[in-house]
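> the amino acid sequence is not available; the structure is as follows:
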């Protein structure tokens, strides 16, 4: 069944797109503690905030694991493709994280250089060479900040 069907079965309260809350049938619940949502592959995702296992929730409803899927269980090829896709996304996320760290390090180095040049400018008057360097570093710092924004996780 779908997450919508599962939520209707329990009379769950719709909280947002593809998400519901309801009292958990596996324990005496005073307030809604069971979250229901739909996974990217169409399966029903359950989480009891009081700690009940999915098995306990299913048992309380007289359901089985296969009832959490909208269709037949995934084939081994589908499972392997999902694992490869997940690994690819994780690798890409790690690479973005590393690139973001490098961009932050570059910004910190440029900020230290700008601070030092700014301090020298205040101690010396009319030093066009230092002023030119200062503005070049500030331009590089601005470009680094823009690059860092694009890499934020």
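Good, I have the coordinates. Predicted, not measured: the structure shown is a model, and the values here were computed from it.

> name the residues of stretch 129-149 that are buried.
For stretch 129-149, burial by neighbour count (16 or more other Cβ atoms under 10 Å) applies to 130, 133-134, 137-138, 140-141, 144, 148. Where C-beta positions appear, they are placed from N, C-alpha and C, glycine not excepted.

> confirm residue 20 sits in a strand?
Yes. Secondary structure assignment places residue 20 in a strand (DSSP: H, G, I helix; E, B strand; the rest coil).

> now pLDDT too, for the buried residues of stretch 129-149, in JSON lines please.
Putting the buried residues of stretch 129-149 into JSON lines (pLDDT from 0 to 100) gives the following:
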{"residue": "130", "pLDDT": "82"}
{"residue": "133", "pLDDT": "86"}
{"residue": "134", "pLDDT": "86"}
{"residue": "137", "pLDDT": "90"}
{"residue": "138", "pLDDT": "90"}
{"residue": "140", "pLDDT": "90"}
{"residue": "141", "pLDDT": "90"}
{"residue": "144", "pLDDT": "89"}
{"residue": "148", "pLDDT": "85"}
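
> narrow the residues you listed to those in helices?
Those of those mapping onto helices are 130, 133-134, 137-138, 140-141, 144, 148, per DSSP state H.

> so which of the residues you listed is the closest to residue 75?
The shortest approach to residue 75 among these belongs to residue 148, at 42.4 Å (Cβ to Cβ).

> test my guess that the closest one contacts residue 100.
Yes. Using Cβ atoms under 8 Å, residue 148 is in contact with residue 100, at 6.8 Å.
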